[in-house]
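**Student:** What shape does this take:
(one chain, ligands or ions: 2)
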Amino acid sequence: MPAKNVKVLLAEPRGFCAGVDRAIEIVERALTKFGRPIYVRHEIVHNTFVVNDLKAKGAIFIEELSDVPAGATLVFSAHGVSRAIQEEAARLGFQIFDATCPLVTKVHVEVAKLHKEGYEFIMIGHKGHPEVEGTMGQLDSGIHLVEDVADVQRITPSQTERLAVVTQTTLSVDDTVEILNAIKQRFPSIREPKQQDICYATQNRQDAIKLLSPQVDLVIVVGSPTSSNSNRLREVAIKLGTESYMIDNADELNPEWFKGKSRVGLSAGASAPEVLVREVVERIKAYGAISVRTMDGLVETVKFPLPTGLREGGKDPSPLGHLR
Ligand code: 0CN
Ligand code: SF4
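**Tutor:** Ligands and ions are numbered 1, 2, ... in the order given. Predicted coordinates for the structure are as follows:
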């Protein structure tokens, strides 16, 4: 009994956000309406379980549009795509459903608008992440990526009068403030977004970890290694001095982690289904946990509409409804 007498505290909010819910539903509805296969550019969301489940239902995940046959139905992932990919997909004549989270699209729209007014951009984000590639790919040039404070000194914008800052939506809120301060110090007249680009779900899940961490001896985050927002949750706990691990599913739990612990916190990234959290809870119970409680927390009510063409039918026809 590695977790004998352990008390489990569940973070609130945790797990699926409105953008992930919508993205998965777009693939599910496309499968129902048009039949298999449905092609999806990049993992619809960064979660192994979700991707495997949709694969089993007939989704084919690709990175290159050259792997999509003529006449196919194609879905763009929640992380968004560059203009070049949008244009190529349209040129190739696929039936396209865009599952880009509306909060990512908002950043794309802002970039396009300010670019027309002559702005150059500094983007805070992680190099190589699909969202960063999609946002930077809204323009041919003129977006300078910074990953940390040191990068701020390295970039060389061509002018400083019309500079604006944008960010990836799933960053660490605290690290971003630090980087933003360094940017403002070097470019005092830089334009900031009216409302920060880090999304409500990222903010709320990190805030919940901040409340949870001091109350427990161990924080477990359910999320896949590729998921930026899930990784950030583990980091927030560690920064607060709480031992923390991220796992894809209950099988990755290590009984050793529970040695000498009496209270264990559990959260999940925005792309991690609740069914996986439940399995982790069951496993910890089997290890000897004596209670499971959900902390008080914000109730999220955000919901995004589906694209036209997939809206009809009202109720969720989803064979994957059990994920939520
Ligand atoms: O894990 P996700 O698929 O993506 P990142 O956290 O890596 O950006 O979660 C959905 C978020 C979006 C966009
Ligand atoms: Fe949208 Fe934020 Fe969810 Fe990403 S984490 S899909 S930006 S709501």
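**Student:** From now on I want contacts and neighbour counts done on CA atoms only, so please keep to that.
**Tutor:** OK.
**Student:** per-domain residue ranges of the protein.
**Tutor:** 7-16+200-294, 18-101, 103-186 (automatic domain parsing).
**Student:** so which of those gets nearest Phe304?
**Tutor:** The closest of the domains of the chain to Phe304 is domain 18-101. By Cα to Cα, the value is 6.2 Å.
**Student:** Report the rounded mean pLDDT for the closest one.
**Tutor:** Mean pLDDT, domain 18-101: 98.
**Student:** Leaving aside the residues adjacent along the chain, what's closest to the residue of the stretch 51-200 of the chain found nearest ligand 1?
**Tutor:** Here the stretch 51-200 of the chain gets closest to ligand 1 at one residue, His79, 4.1 Å apart by Cα to the nearest ligand atom. Leaving aside its sequence neighbours, His79 sits nearest to Glu131 (Cα to Cα, 6 or more residues apart in numbering; 4.7 Å).
**Student:** ok, the closest residue to Ala182 other than its chain neighbours - how many residues close by?
**Tutor:** Leaving aside its chain neighbours, Ala182 sits nearest to Val149 (6.3 Å; criterion: Cα to Cα, 6+ apart). For Val149, the count of nearby residues is 17 (other Cα atoms under 10 Å).
**Student:** repeat for His126
**Tutor:** Around His126 there are 19 residues (other Cα under 10 Å).
**Student:** Looks to me like it is in a helix.
**Tutor:** No. Assigned with DSSP: H, G, I helix; E, B strand; the rest coil, His126 falls outside any helix and is coil.
**Student:** excluding its backbone neighbours, what's nearest it?
**Tutor:** Spatial nearest neighbour of His126, chain neighbours left out: Glu147 (5.7 Å); criterion: Cα to Cα, 6+ apart.
**Student:** What separation do you get for the one you found and Val27?
**Tutor:** As judged by Cα to Cα, to the nearest Å, Glu147 and Val27 stand 32 Å apart.
**Student:** So which of these two has more stuff around it?
**Tutor:** Counted by other Cα under 10 Å, Glu147 and Val27 do not tie: Val27 has more neighbours, with 28 against 15.
**Student:** who's in contact with the more buried one?
**Tutor:** The contact partners of Val27, taken as Cα atoms under 8 Å, 6 or more residues apart in numbering, are 38, 40, 54, 59, 75.
**Student:** Which members of these are the farthest-apart pair?
**Tutor:** Farthest-apart pair in the contacts of Val27 is Leu54 and Val75; separation 12.5 Å (Cα to Cα).
**Student:** of those two, who's got more company?
**Tutor:** Neighbour totals were compared for Leu54 and Val75, and Val75 leads with 25 against 20 (other Cα under 10 Å).
**Student:** Can you classify the more buried one by secondary structure?
**Tutor:** Three-state call for Val75 (three-state DSSP): strand.
**Student:** surely it meets Val40?
**Tutor:** Yes. Assessed by Cα atoms under 8 Å, Val75 is found in contact with Val40 at 4.6 Å.
**Student:** Who are the contact partners of Gln159?
**Tutor:** Per Cα under 8 Å, 6+ apart, neighbours of Gln159: Glu120.
**Student:** Kindly report the same for Val45.
**Tutor:** Remark: with contacts taken as Cα under 8 Å, 6+ apart, Val45 is in contact with 20, 23-24, 51, 77-79, 271.
**Student:** This structure: strands as residue ranges?
**Tutor:** Applying DSSP state E to the chain gives strands spanning 7-10, 38-41, 59-62, 73-76, 95-98, 120-124, 143-146, 163-167, 218-222, 243-247, 263-268, 291-294.
**Student:** Quick one: closest of those strands to Leu253.
**Tutor:** Comparing those by Cα to Cα, strand 243-247 comes nearest, at 6.9 Å.
**Student:** contacts for that closest one?
**Tutor:** Contacts for strand 243-247 (Cα under 8 Å, 6+ apart): 217-225, 230-231, 234-235, 237-238, 253.
**Student:** go again using 6 Å as the cut-off
**Tutor:** 218-223, 234 (Cα atoms under 6 Å, 6 or more residues apart in numbering).
**Student:** Tell me the one among these nearest to ligand 1.
**Tutor:** Gly223 (7.4 Å).
**Student:** Just list the residues touching that closest one, thanks.
**Tutor:** When contacts are counted by Cα under 6 Å, 6+ apart, Gly223 touches 230, 247-248, 269, 272.
**Student:** Pro2 too?
**Tutor:** Pro2 is in contact with 255, 287, counting by Cα under 6 Å, 6+ apart.
**Student:** what about it, distance to Val219?
**Tutor:** 16 Å.
**Student:** Tabulate the contacts of Gly223 in JSON lines, adding columns for pLDDT.
**Tutor:** Listed next are these as JSON lines, based on pLDDT from 0 to 100:
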{"residue": "Ser230", "pLDDT": "98"}
{"residue": "Ile247", "pLDDT": "99"}
{"residue": "Asp248", "pLDDT": "98"}
{"residue": "Gly269", "pLDDT": "99"}
{"residue": "Ala272", "pLDDT": "99"}
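**Student:** mind listing which of those are in helices?
**Tutor:** Taking DSSP state H, the ones among those that sit in helices are Ser230.
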